[in-house]
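S.K.: Quick one: sequence and predicted model below, then my questions.
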2 protein chains.
Amino acid sequence: MLTLSDLHPLTAYLTRIAHLQSAASVLSWDQETYMPRGGAAARADVLATLQSVAHQQFTAPELEDLLARWIDLETGSVFDPEAEEPARALLREVRRDYRRARRLPTPFVAHLEKTCALAHGAWLEAREKRDFRLFLPHLDMIVALKREEAAYIGYEGTAYDALLDAFEPGMTASRLTPLFADLNIRLKALLDRIRSSGVRPPSLPPGPYDTQRQIAFGSLVLSAMGYAFDQGRLDQAAHPFTTGFHPTDVRLTTRVAADDVTSSLFSCLHEGGHGLYDQGLDPAHYGTPLGESVSLGMHESQSRLWENCVGRSIEFWRHFYPLLRESFPGPLADVSIETFHGAINTVKPSLIRVEADELTYNFHIMVRYELEQELIAGRLAPADLPGAWNEAMRATVGVAPRHDGEGVLQDIHWAHGAFGYFPTYTLGNLYAAQFWQQAQRDIADLPTLIEGGRLAPLVGWLRDRIHRWGRMYSSDALLRRVTGESVNPDHFMTYLEGKFAAIYRLG
Amino acid sequence: MLTLSDLHPLTAYLTRIAHLQSAASVLSWDQETYMPRGGAAARADVLATLQSVAHQQFTAPELEDLLARWIDLETGSVFDPEAEEPARALLREVRRDYRRARRLPTPFVAHLEKTCALAHGAWLEAREKRDFRLFLPHLDMIVALKREEAAYIGYEGTAYDALLDAFEPGMTASRLTPLFADLNIRLKALLDRIRSSGVRPPSLPPGPYDTQRQIAFGSLVLSAMGYAFDQGRLDQAAHPFTTGFHPTDVRLTTRVAADDVTSSLFSCLHEGGHGLYDQGLDPAHYGTPLGESVSLGMHESQSRLWENCVGRSIEFWRHFYPLLRESFPGPLADVSIETFHGAINTVKPSLIRVEADELTYNFHIMVRYELEQELIAGRLAPADLPGAWNEAMRATVGVAPRHDGEGVLQDIHWAHGAFGYFPTYTLGNLYAAQFWQQAQRDIADLPTLIEGGRLAPLVGWLRDRIHRWGRMYSSDALLRRVTGESVNPDHFMTYLEGKFAAIYRLG
């Protein structure tokens, strides 16, 4: 019976490649946190070389020979019919990655990496100066390269599918589009009910909230969530993100606004959810698919579960609000917990995705999902993107940016070449609600535990059901294993309706 | 006529290897600044893989074939008798590196890298807990590996020469030992005169000096020195160091003590000198020896020139002392510039090398130079090092540590496997004094310029005479080019005697 330890020559080979990728991740983290601007061009070259060496090694005949010992590369059938499940899963996933990687020429990989690394600095500057033209030449090149990438990879439906599949394996636009269309209708209906309720939750005082104290409070919440600071850290970045180099070194970033205590707070909860997933991967499987997260949708389910299902619940704040008030006694002196809870659950179409409420957030995703499909299909030129963005925002979210800094330049993803990434955010919302409902069934008295600040049982449940499995199961299989069904937006709608019925006193 | 551009296939190959080494440097910087402790083991593996890929590529037949097109690998003779000087120098230096590298098996390189990366964390903890035993097993392994390395490399004199040559090419213990012995006698004589002068410069008030303000003041001085912050940064580390990933990304670190304003100040000046050298290397030659510093002794000459020749001069403080006093009006209210200048030039045997005065500093080096020779020769066991250290400190410096934290554990170098590194510090002092004397001849009114805070002419002189040449000339050749003679301790002694005669009113 084929076991994981029989695969040692393969996993040892893969681990060395993972080292190169971990190194690249450290360099990318540094690029977004501490790197001086002048270092950008040299950094792009270094990243390109690292990715090209990693790609070369991953597509080398040695790896093919290793794989071909145990699995038929064409059909995907594992030779040993009795192979144990983890070995089978590992071979399945490495074959998948190998076949994708082999279709891309190494110089193309290096060129794409360098282009995106250089685009990063341009995006930062363009965003700061609210000037899309500074970013346009980079975006032009990136879109062209991503179209080329899709052509190399191949696809059955649309070119976009080839890119989407990198982030959410097995997902296609033909499945996603009707799912999103249906969700859009239901969310709009709920939004209409909320609007006609006449209830307007108050907003929070504009501070100032001391930024150092905000970081300290975020760290306190993260520690309570079980995020291990001796195996991670929290820094500031223009666009909050989480990156893991190994389960023992997983880093979070946040951004802090002196006039808005919720911005950094919810980005800490969000990134903390990602961080728990990465810290919960099995270090014994580092370097292999069994030590990697399933998909970005699944990753996002973890961040959204903490940010929203937990972090916007009244139970969570019964424990944490007194502590928050202690940290900011001035601005929060006259804010009751009910007012606070209402304020952090205000539904209102707005401009910035990462600060949007749980409901209208998904409209932001739908805007990006539409536009990136148009870009990749070649039906929309990058030069026309700002206009198309503003138009789509008006039509779908109901608000229009005053400038590109709060419009098309707000997100870093396209500068990173991440096309097909955005829809995983809404998938994450759907998965999160589905897991959340299941957790409440599985964990006795979960609301009471959370009210007491006892988050460990929930963390344990997530580790046990989701984190530790890596890519052993597909995203869909994992969802079915844990919740008994495939993705089903009913749970998300039930969750939202339940919450907003109370806050907005819906009939 | 062979030119540098003819060598493009070689330099392109080398540049890709340099990318891997730059990546490793970023990871090492991160390890000493921001990495969470839990990430140490994984980091060691990643560094080992990076070094092993770099070593593999550097010793691959491709490189030998490339080199052999233009230079006889055995004799070192360049085939084209008309080859231009830079091409000739590049081939000479690559051949040198290649021959050294080829003698080391790649698994040995990876093993050494991993061992040192792991030793780093152990050293940090041992130092903090003042417990040598925590570090001993690591040091045991490192000394064994360095002895092995010397055996692989080969040597004519002693095993130690093989290691020393990595840091100061061409230098041997047989040249260094008599140089140091002579210097020791002359320094001791000067110390005796200082001691019997009866003059005791006052010490500075113990603060507190706000640590943020110290960092801000250090940054101000660095900017005045011409260190480019858009191509670098200043962070804190347990042991201050400078590292360059490329001339456009050169990072400094310092450590800050609230009760001693000079500690961070002089470490900023010191590291700033290193930083200027690295920022002054020609980016067009990145990845090749012509874009690298000549030797550690030469590098140290730049840091010591700024820290001591400039940074402990009365002229420098005529400009900067009023600013320092503005930053710390409380503690420095009653301290005159003369008192300050006396305090920062106090000669007094002490325990910590990096905080030692310019004279007794060299005794610290001599202690380490003796001990590391004994370790590498196998005449001293690492277990016996603390005793030997304390004894040597008593005999050579005249003071004995109360615990290993201020004794044998104070320096990071041996944990990094850097044996043969320490003597380059005293060489740096000698080179610095020699350059300093020459700069005063070459730059009209240098003292007046410095008094006016105008440091650019000195920076320009250093760039032009030293930094931009990379490894075009050997350390000795460069010294002769700039100052007209090889290393000559007379200049250092003249410099010290001149300075201390004034401060200590020596007859």
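M.R.: Received the coordinates, thanks.

S.K.: and the angle for the one helix or strand A:Leu10 maps to with helix B:8-33?
M.R.: Using DSSP states H and E, A:Leu10 sits in helix A:8-33. For helix A:8-33 against helix B:8-33, the angle by axes from the mean of the first three to the mean of the last three CA atoms, to 10 degrees is 80 degrees.

S.K.: Check which helices and strands helix A:8-33 is in contact with.
M.R.: In this structure, helix A:8-33 packs against helix A:40-58, helix A:61-70, helix A:85-102, helix A:106-129, strand A:242-246, strand A:249-254, helix B:8-33, helix B:40-58, with contacts taken as 3 or more CB pairs under 8 Å, 6 or more residues apart in numbering or on different chains; DSSP states H and E. To be clear about C-beta, it is placed using only N, CA and C from the backbone, and glycine gets the same treatment.

S.K.: Get me the contact residues on the stretch 251-400 of chain A for chain B.
M.R.: Residues of the stretch 251-400 of chain A lying close to chain B (CB under 8 Å from any CB of the partner chain) are A:283, A:286.

S.K.: what's the closest residue to chain B within the stretch 251-400 of chain A in contact with, if anything?
M.R.: Chain B sits closest to A:Tyr286 of the stretch 251-400 of chain A, with a gap of 7.3 Å, by CB to the nearest CB. The neighbours of A:Tyr286, taking CB atoms under 8 Å, 6 or more residues apart in numbering or on different chains as the test, are A:15, A:18, A:246-247, B:42.

S.K.: ok, and the closest non-adjacent residue to A:Pro202?
M.R.: Distances taken as CB to CB, 6 or more residues apart in numbering or on different chains place A:Thr339 nearest to A:Pro202, at 5.7 Å, with adjacent residues excluded.

S.K.: Can you give me the distance of the residue in the stretch 201-350 of chain A that chain B sits nearest to to B:Glu406?
M.R.: Chain B sits closest to A:Asp249 of the stretch 201-350 of chain A, with a gap of 3.1 Å, by CB to the nearest CB. Here the criterion is CB to CB, to the nearest Å. By it, A:Asp249 lies 31 Å from B:Glu406.

S.K.: now do A:Leu375
M.R.: For A:Leu375, the distance to B:Glu406 (CB to CB) stands at 62 Å.

S.K.: Which one of the two is surrounded by more residues?
M.R.: A:Leu375 (23 against 17; other CB atoms under 10 Å in any protein chain shown).

S.K.: Name the nearest residue to the more buried one, ignoring sequence neighbours.
M.R.: A:Val143 (5.3 Å).

S.K.: ok, the one you found - how many residues close by?
M.R.: 21.

S.K.: Straight-line length of stretch A:153-164, end to end?
M.R.: Distance across stretch A:153-164, first residue to last, is 12 Å (CA to CA, to the nearest Å).

S.K.: Centre of the chain to that stretch, how far?
M.R.: 21 Å (CA atoms, centre = their mean, to the nearest Å).

S.K.: can you check stretch A:445-456 too?
M.R.: Relative to the centre of its chain, stretch A:445-456 is centred 25 Å away, using CA atoms, centre = their mean.

S.K.: Report how many residues lie close to the residue in the stretch 1-150 of chain A that chain B sits nearest to.
M.R.: Residue nearest to chain B within the stretch 1-150 of chain A: A:Gly39 (3.0 Å; CB to the nearest CB). Using other CB under 10 Å, A:Gly39 has 27 neighbouring residues.

S.K.: mind listing what's buried in stretch A:461-468?
M.R.: Of the residues in stretch A:461-468, A:461-463, A:465-467 count as buried by neighbour count, 16 or more other CB atoms under 10 Å in any protein chain shown.

S.K.: which among those residues are in contact with chain B?
M.R.: Counting by CB under 8 Å from any CB, no member of the buried residues of stretch A:461-468 is near chain B.

S.K.: Just to be sure, which of those residues are found in helices?
M.R.: Using DSSP state H, the members of the buried residues of stretch A:461-468 that fall within helices are A:461-463, A:465.

S.K.: Mind putting the residues you listed into CSV with distance to A:Ala343 and pLDDT?
M.R.: Putting those into CSV (distance: CB to CB, whole Å; pLDDT from 0 to 100) gives the following:
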residue, distance to A:Ala343, pLDDT
A:Trp461, 29, 98
A:Leu462, 27, 98
A:Arg463, 32, 98
A:Arg465, 32, 98
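
S.K.: Which one of those residues is nearest to A:Trp306?
M.R.: Closest approach between these and A:Trp306, by CB to CB: A:Leu462, at 9.1 Å.

S.K.: Now do the contacts for that closest one.
M.R.: Contacts for A:Leu462 (CB under 8 Å, 6+ apart) come out as A:276-277, A:280, A:302, A:305, A:435, A:439.

S.K.: Write out the residues of the stretch 1-150 of chain A neighbouring chain B.
M.R.: Residues of the stretch 1-150 of chain A that fall close to chain B, judged by CB under 8 Å from any CB: A:15-16, A:19-20, A:22-24, A:26-27, A:30, A:34-39, A:41-43, A:45-46, A:48-50, A:53.

S.K.: could you flag which of those are buried?
M.R.: So, by 16+ other CB under 10 Å, the buried ones in the residues of the stretch 1-150 of chain A next to chain B are A:15-16, A:19-20, A:22-24, A:26-27, A:30, A:34-36, A:38-39, A:42-43, A:45-46, A:48-50, A:53.

S.K.: ok, and what's touching stretch A:336-352?
M.R.: By CB under 8 Å, 6+ apart, stretch A:336-352 touches A:191, A:194, A:201-204, A:262, A:266, A:312, A:314, A:317-318, A:321, A:324, A:332, A:335, A:356-360, A:363, A:393, A:397-399, A:401, A:406-407, A:410, A:499-500, A:503-504.

S.K.: For ChimeraX, what selects the buried ones among these?
M.R.: Only the buried members of the contacts of stretch A:336-352 enter the following ChimeraX selection, criterion being 16+ other CB under 10 Å:
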select /A:191,194,201,204,262,266,312,314,317,318,321,324,332,335,356,357,358,359,360,363,393,397,399,401,406,407,410,499,500,503,504
